Structure formats: C-alpha cells, structure tokens
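> Just need the structure, nothing else, for what follows:
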Amino acid sequence: FISAGVIGAFSTLDVLFLYSFHELALIPTFILIGVWGSGDRQAAAWKATIYLGGASFVLLIGIISLYLSLPSGMRTFDLRQLDQLALTGTFHPASWIYLLLLVGFGTLVSLFPFHSWAPPAYACAPTPAAMLHSGVLKKFGLYGLIRICLPLFPEAIQQFNALLVLMLIGNILYIGYVTVAQKRLDWTIGYSSVMHMGYIFLGLASLTVMGINGAALLMFAHGLSVAAAFALCGEIRRRTGTLDYSELGGLGKVTPVLGLLFGFAAMASVGLPGFANFAGEILVFFGATVSSIYGPLMVVAIIIGVWGVVISAIYMLRAYRNIFWGPIAQRWESLTDIAPSAKWSVILLLVPLMIAGFYPQIILNMVGTILPR
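All right, here's what the predicted structure looks like:
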C-alpha cells in the first residue's frame, strides 16, 4: 500500500488522485506506529492521526474549492490544464484557497506551528516506518506546494509570503533549540528532520528559480540523509536496547564501522561541503539574497538560517560524541559491529548524497526544465 501510494502520488497529473494516493500511503504508517512501534506508541499514533487527518480534511476542502472556483464549463483536476489556465490568465483562484492548501500541505511537512506530531511519531515508529515517512512521505507536502501552489497562486504567495517566512523561522530557530535540548538520539533526529524543513521553505519563499531549485535538491538530500540517520539509530537501539545519551558512550571502540557511518550521516545532516545538503542550502541562501521580495524579514531569515547550521552542528556533534566517544561501559564491550547487510544499505543512501554533493547538476537537470515555469 505504501509503495503503491508513493509511486501514484508522485507520478499522477491529477490533483484529486495525487491526494488520494498520498492518503493510501499514509494510512498504513499509523498502523505501523500504533501496533509495531515502541515507547508511547499509541499516543504518538493517535497524535499523528489527528494532526494529519485534520490536515488531509483541510487539504481536501482546498482541492474541492479550487475545482469549484473554475468556470462551470472548464472544471478539471488535471494539473496540465490548470497550469495552462493559470499561464493564460483565465484562472485566478481566491487567496483563501491558497491558505487552505498551505495549512494542509504544511502540516504534512511539519511546518511550524503544525509540527508537534512529527518528533514523537518518528521516535516511536519502527525504523523502516520512520525512514520511509520522514524521507519520502513528508516530501508529498512539499511536492504539492511546488506542483500546485506555485503555478496557480502567484499573487497569493506574494501576499502571504511574510507569514510563510515567519513560520519557517520558527522551524529553524525554535525547533533548532528544542533539538539541542533532547536527551535521546531518536528524538534528536526527529526534531532535526522538522528543523531542516525550514530551509526548504526558505527556498520556496524566495520565489526565485535558484531558491526553488535549491529546495528541490534539499528535498532529495534530506530524504536520503534522514533515512540513513534513522537506519543507524535503529541499529544502535537493536544492539543496546537504549538511545538515551546518558546510558551510551564509547561505542566507537567496539563498533567502528557503525561510528564511521554515523559520522558521515551527521556531516550530511549538518550540511558539510561534499554532500548534497550543502549544495542545496547554498542555492537556497543565494536564491533568498537575490529574491525580488528581499527585505528586512528575508534578511533576518537568512541570518537565522546561517545560525541554524551552527545549531545543527552542535546537536549532531554532541550526539556523535555522547554515543561513540568517551569511556565505554562494561556491558557494551561485547557488542558486535554493524552487520554487512545494514552497512551496505546505509552506504547506498550516503553515496548518492556525495555524488550529488560534488555534482548537484545530476539532480538539478531533472527539475530545471520544470521549475522555471
């Protein structure tokens, strides 16, 4: 169901089918969290269900309103026809419809302040579910904003752009500080995933080709890096039974390959040069500086975005130090290193990040013919 929904959502050219396929992929994740999760899994599953169910309802109202706002003889859900109507100037949907879509898609992406469902859901979810949802399903909301809102609501986006900038600042600054305060690795990665959505929204808010290309590249990079981080998180929990920083330490002495892979995943998450995350963030920052709506608020967002990189380095390096460095407890001395199957799975996630980091044009060429439109 999840695979079918993901493939359908990202390949369809019909707005209603796009919504339906995403719901098909989303429903099994609630079951995976509530039944096979860990910790307070039922509360996390219910919270995610309420938030995402409410967002889906708002999104459905927005899609139906968009359909009804068309002239009676031209009503369609076909994205190609909607794009053509918008380009010719014969279709001007109301601004409040954009707000409905922003809230609906934004909640799916954990845009501040609609984010609180995501960290507990990721922390309690089974490792494969956390990897899939944070790495793939979350991108549905971003894809919807790029594919539907950008071409159909240019005036509304400029009208409410300041609101979007304030919300993304909340993602970067507020969630960044909350991430620093976490005491467990799974919660750190969960909040980190939410924080980095702010950079993608900064690229979208710039309304420049460079910024939106950077956002698209960051979508790719974040999907791989957060999946690798959750995969390694699951390996640590499987071996030790805990992810609490106070109970770990020194694991690098007995699991050097696991520590090395986690170091690469941490560097990718921070946005170190050589990874696609860095290339995406650079494009986002440059796109924001050349934006036609460049003003005091955008300057503040850029400064906070740069500071957010420092915050990311703080919490990821602290996690790396607390888990793999320092003295090792006697009970961890007999741990075995990461299994070959898991090792190569993580490597397959990290290698494309480095390839796209040194040559981002591989990804940008795929989206460059679409985004400028």
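
> For Ile61, which three-state class applies?
helix (DSSP: H, G, I helix; E, B strand; the rest coil).

> Run a quick check on it versus Val103, I expect a contact.
No - if you go by Cβ atoms under 8 Å, Ile61 and Val103 don't touch, sitting 9.9 Å apart. C-beta here means a position set from N, CA and C on the backbone, and glycine is covered the same way.

> Which one's more surrounded, the two?
Val103 (18 against 15; other Cβ atoms under 10 Å).

> how much space is there between that one and Gln84?
Relative to Gln84, Val103 is positioned 27 Å away (Cβ to Cβ, to the nearest Å).

> after the helix or strand hosting Ser341, next one along is what?
For Ser341, the host element (DSSP states H and E) is helix 340-358. Helices and strands here follow DSSP H and E; after helix 340-358, the next one along the chain is helix 361-367.

> since we're on Phe201, how many residues are nearby?
26.

> Now for it: which residues touch it?
109, 111, 164, 167-168, 171, 215 (Cβ atoms under 8 Å, 6 or more residues apart in numbering).

> what's the helix or strand for it?
Assigned by DSSP H and E, Phe201 falls in helix 185-206.

> Now do the helix holding Ser341: everything it contacts.
So helix 340-358 is contacted by 217, 220-221, 224-225, 227-228, 231-232, 235, 257, 261, 264-265, 268, 273-279, 338, 362-363 (Cβ under 8 Å, 6+ apart).

> go on, stretch 259-271?
Here stretch 259-271 has contacts from 192, 196, 221, 224-226, 228-229, 232, 251-252, 274-278, 281, 309, 312-313, 316-317, 319-320, 323-324, 338, 343, 346-347, 350, 353, using Cβ under 8 Å, 6+ apart.

> Same check on stretch 313-329?
By Cβ under 8 Å, 6+ apart, stretch 313-329 touches 176, 179-180, 182, 185, 188, 192, 236, 245, 247-255, 258-259, 262-263, 266, 269-270.

> Could you report the pLDDT at Asp78?
Per-residue pLDDT puts Asp78 at 84.

> wait, doesn't it sit right on Leu13?
Yes - with contact defined as Cβ under 8 Å, Asp78 reaches Leu13; the gap is 6.4 Å.

> didn't Glu23 look like it was pressed against Gly5?
Yes - contact criterion Cβ under 8 Å: Glu23 and Gly5 qualify, at 7.4 Å.

> Same drill for the two, tell me which one is more crowded.
Gly5 (21 against 16).

> Which elements pack onto the helix or strand where the more buried one lies?
Using DSSP H and E, the element containing Gly5 is helix 2-11. Under the contact criterion of 3 or more Cβ pairs under 8 Å, 6 or more residues apart in numbering; DSSP states H and E, helix 2-11 touches helix 15-36, helix 139-144.

> just those: most buried one?
helix 139-144 (a mean of 23; mean count of other Cβ atoms under 10 Å).

> immediately after that one, which helix or strand?
helix 150-152.

> For the following helix or strand past that following helix, C-alpha coordinates in PDB please.
Sequence order places helix 154-159 as the next helix or strand after helix 150-152, per DSSP H and E. As requested, the backbone C-alpha atoms of helix 154-159 are provided in PDB (Å, rounded to 0.1, in the frame of the first residue of the first chain):
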ATOM      1  CA  PRO A 154       1.500  33.600  -7.600                       C
ATOM      2  CA  GLU A 155      -0.400  36.600  -6.200                       C
ATOM      3  CA  ALA A 156      -1.500  34.800  -3.000                       C
ATOM      4  CA  ILE A 157       2.000  33.500  -2.400                       C
ATOM      5  CA  GLN A 158       3.400  37.100  -2.600                       C
ATOM      6  CA  GLN A 159       0.600  38.400  -0.400                       C
END
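
> Compute the distance from the centre of helix 154-159 to the centre of its chain.
Centroid displacement of helix 154-159 relative to its chain, using Cα atoms, centre = their mean, to the nearest Å, is 23 Å.

> Neighbours of the closest residue to Val15 other than its chain neighbours, how many?
Spatial nearest neighbour of Val15, excluding adjacent residues (Cβ to Cβ, 6 or more residues apart in numbering): Phe77 at 4.5 Å. Other residues near Phe77 number 19, with proximity taken as other Cβ under 10 Å.

> quick one: Phe77 and Leu16 touch, right?
Yes - with contact defined as Cβ under 8 Å, Phe77 counts as touching Leu16 (4.5 Å).

> which residues do the two both contact?
By Cβ under 8 Å, 6+ apart, the residues touching both Phe77 and Leu16 are Ile63.

> before we move on, the earlier item: name the residues of the helix holding Gly5 that are buried.
Neighbour-count burial for helix 2-11, counted by 16 or more other Cβ atoms under 10 Å, picks out 2, 5-6, 8-10.

> Could you do stretch 280-291 as well?
280-288, 291.

> Cross-check the contact I'm expecting between Ile33 and Ala45.
Yes - the pair Ile33 / Ala45 is scored as a contact, 4.2 Å apart, by Cβ under 8 Å.

> Please enumerate the shared neighbours of these two.
With Cβ under 8 Å, 6+ apart as the test, Ile33 and Ala45 both reach 121, 124.

> re earlier: what residues sit buried inside the helix holding Ser341?
Neighbour-count burial for helix 340-358 [16+ other Cβ under 10 Å]: 342-343, 345-346, 349-350, 353, 356-357.

> ok, Ile97 touching Leu68?
No - the pair Ile97 and Leu68 does not pass the contact test of Cβ under 8 Å, sitting 9.6 Å apart.

> Specify which residue of these two has the higher count of neighbours.
Ile97 (21 against 11).
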